[in-house]
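Q: Sequence first, predicted coordinates after that:
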Amino acid sequence: MNLQESLTMATKTLAANRLRSTLTMLGIIIGNASVITMVGLGEGAQRYINAQLETLGPNVLFVVPGSRETRQLGSLNIPRTLVLEDAVAIKQQVPSVTGVAAESSDRQLVTLGNRNANVNVVGTVPDFLTVRSFEVAKGRFISDLDISRNAQVVVLGDTLKNRLFDDEPALGRSLRVGGVNFNVIGVLEKKGSNLGLDYDDAVLVPITTQANRLARGERSPYGIDVSFITVSARDRDSMATAEFQITNLLRLRHNIRDDDDFYISSQDTLLTIANTITGALTLMLAAIAGISLLVGGIGIMNIMLVSVRERTQEIGLRKAIGASQGDILGQFLIEAIILSVAGGVIGTALGVSGIVLIGVLTPFDAGISVSAIAMAVSISGGIGLFFGVFPARQAAQLDPIVALRTA
């Protein structure tokens, strides 16, 4: 028998047992669909995180209070070791930076008439716009004069503006933040949340106003304490230099001889960490999903063994009239490969559909990985070949006389 005859006979045999063939392919279908969907989901999560980090601003460094070890241990009592004067010193004394924005935030009740919202109130400085790449949609942003005068002015995020004012103009209106009257001077362009902070649903005020009129609890004896300082380097090549200069300056200012009481991270650092985590999760999920392919292969071998037993008479007759061991071996191998490849193709279609569905229902831009599809289909075909060899060899090695007598 040539290859075409073997392929035709194998196809007819599988078609004669449609239900059994479909159930046999089910493990391969689920395995392929799962692998492709998980890899696509992992790539989508990676793209989403990368996009979130890009919205933080170009060439950005983050100076945060507390040592790296303290934050890695997840301590709830992070020491307040950074103050506004540190940000001012960085801006004045570090030549490799173009902008410095200190931020201090807490949650306060914002009230307008009978409407209220418990939102994040961010105390910041004029450089916030350029360092964090925000735009003002209407009005103006906080100025140096507002900082020096402790002005009771606010800039609203787009989402909060719509919640409080609907379609009415907000500029010039008065509202209460933490029981204190403020004037609305601007509204930010909508940007979306990043790293858990949603500035679209926040109130921005001068950092001095927040410290002197809104802050509760203990105050740092060294000045206005800040949650973190965002620094914009001149360009990407200057980021390492800026980090080195800022570290030396803050160690001098804080009289540090041993471990730093702050640490500096960059977009690249955060991106590397995020990619490592998402890559490991994607690999783990794909490996778990790949178990279905192994189970599917075992199912194919099981059904092929049953098929050999059922078709003992057919095998004996074919060998009696001249079919070689290669003919029998080839037919059963082709049947196993057809089952696995067909399951791989159907599973691929389901996996791609799942990726499209994820893109519609979630914020992840799930990607269709051609390499994952090729790998999944190749593995499924290889599984059919691997798990089909034993039943095929068993069928090929049957003695025709014994096969006919057994049948």
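A: Arrived safely, thanks for sending.
Q: Which other helices and strands does the helix or strand where residue 283 lies contact?
A: In this structure, residue 283 is located in helix 267-310 according to DSSP states H and E. On a contact count with 3 or more CB pairs under 8 Å, 6 or more residues apart in numbering; DSSP states H and E, helix 267-310 meets helix 18-54, helix 325-361, helix 370-396. C-beta here means a position set from N, CA and C on the backbone, and glycine is covered the same way.
Q: got the angle between the last one and helix 18-54?
A: Going by axes from the mean of the first three to the mean of the last three CA atoms, to 10 degrees, helix 370-396 is angled at 160 degrees with respect to helix 18-54.
Q: Return the residues in contact with the closest residue to residue 282 other than its chain neighbours.
A: Leaving out its chain neighbours, the residue that sits closest to residue 282 by CB to CB, 6 or more residues apart in numbering is residue 42, at 2.6 Å. Neighbour list for residue 42: 278-279, 281-283, 285-286 [criterion: CB atoms under 8 Å, 6 or more residues apart in numbering].
Q: Filter these down to the buried ones and hand me the ChimeraX line.
A: Entered in ChimeraX, the line below selects the buried ones among these, by 16 or more other CB atoms under 10 Å:
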select :278,282,285,286
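Q: Dump the contacts of residue 42 to TSV, plus distance to residue 49.
A: What follows is the contacts of residue 42, written out as TSV (distance: CB to CB, whole Å):
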residue	distance to residue 49
278	7
279	11
281	11
282	12
283	16
285	16
286	18
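Q: Compute the distance from the centre of stretch 231-248 to the centre of its chain.
A: 28 Å (CA atoms, centre = their mean, to the nearest Å).
Q: what does stretch 168-183 give?
A: 37 Å.
Q: Dump it to PDB, restricted to CA.
A: Output of stretch 168-183 as PDB, limited to C-alpha atoms (Å, rounded to 0.1, in the frame of the first residue of the first chain):
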ATOM      1  CA  GLU A 168     -21.600  71.400  34.200                       C
ATOM      2  CA  PRO A 169     -18.400  73.400  34.100                       C
ATOM      3  CA  ALA A 170     -16.200  72.900  37.200                       C
ATOM      4  CA  LEU A 171     -13.800  75.800  36.900                       C
ATOM      5  CA  GLY A 172     -14.200  78.500  39.500                       C
ATOM      6  CA  ARG A 173     -16.600  76.300  41.500                       C
ATOM      7  CA  SER A 174     -16.100  75.700  45.200                       C
ATOM      8  CA  LEU A 175     -16.000  72.300  46.900                       C
ATOM      9  CA  ARG A 176     -15.000  70.800  50.300                       C
ATOM     10  CA  VAL A 177     -12.000  68.500  50.800                       C
ATOM     11  CA  GLY A 178     -11.700  67.000  54.200                       C
ATOM     12  CA  GLY A 179     -14.100  69.800  55.500                       C
ATOM     13  CA  VAL A 180     -12.000  72.600  54.000                       C
ATOM     14  CA  ASN A 181     -13.200  74.800  51.200                       C
ATOM     15  CA  PHE A 182     -11.200  74.700  47.900                       C
ATOM     16  CA  ASN A 183     -11.500  76.400  44.500                       C
END
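Q: Show me which residues of it are buried.
A: Buried-residue list, stretch 168-183, by 16+ other CB under 10 Å: 170, 175, 177-178, 182.
Q: Let me have those residues in TSV, extended by pLDDT.
A: Formatted as TSV, those follow (pLDDT from 0 to 100):
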residue	pLDDT
170	92
175	94
177	92
178	88
182	95
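Q: List just the nearest of these to residue 121.
A: Comparing the buried residues of stretch 168-183 against residue 121 with CB to CB places residue 177 closest, at 6.1 Å.
Q: quick one on the thing from earlier: worst mean pLDDT among the helices and strands packed on helix 267-310?
A: Comparing mean pLDDT across those, the weakest is helix 370-396, with a mean of 72.
Q: and it, how far from the chain's centre?
A: 32 Å.
Q: for it, packing partners?
A: With contacts defined as 3+ CB pairs under 8 Å, 6+ apart, the packing partners of helix 370-396 are helix 18-54, helix 267-310, helix 325-361.
Q: how about JSON lines for the ones you listed, with distance to residue 229 added?
A: Shown next, in JSON lines, are those (distance: least, CB to CB, whole Å):
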{"stretch": "helix 18-54", "distance to residue 229": "18"}
{"stretch": "helix 267-310", "distance to residue 229": "15"}
{"stretch": "helix 325-361", "distance to residue 229": "37"}
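Q: Next one: the residue nearest to residue 388 when sequence neighbours are not counted from residue 298, what distance?
A: Spatial nearest neighbour of residue 388, chain neighbours left out: residue 336 (2.6 Å); criterion: CB to CB, 6+ apart. Per CB to CB, to the nearest Å, residue 336 is found 12 Å from residue 298.
Q: quick one on the thing from earlier: of all the buried residues of stretch 168-183, which two lie farthest apart?
A: Applying CB to CB across those, the maximum distance is between 170 and 178, 18.5 Å.
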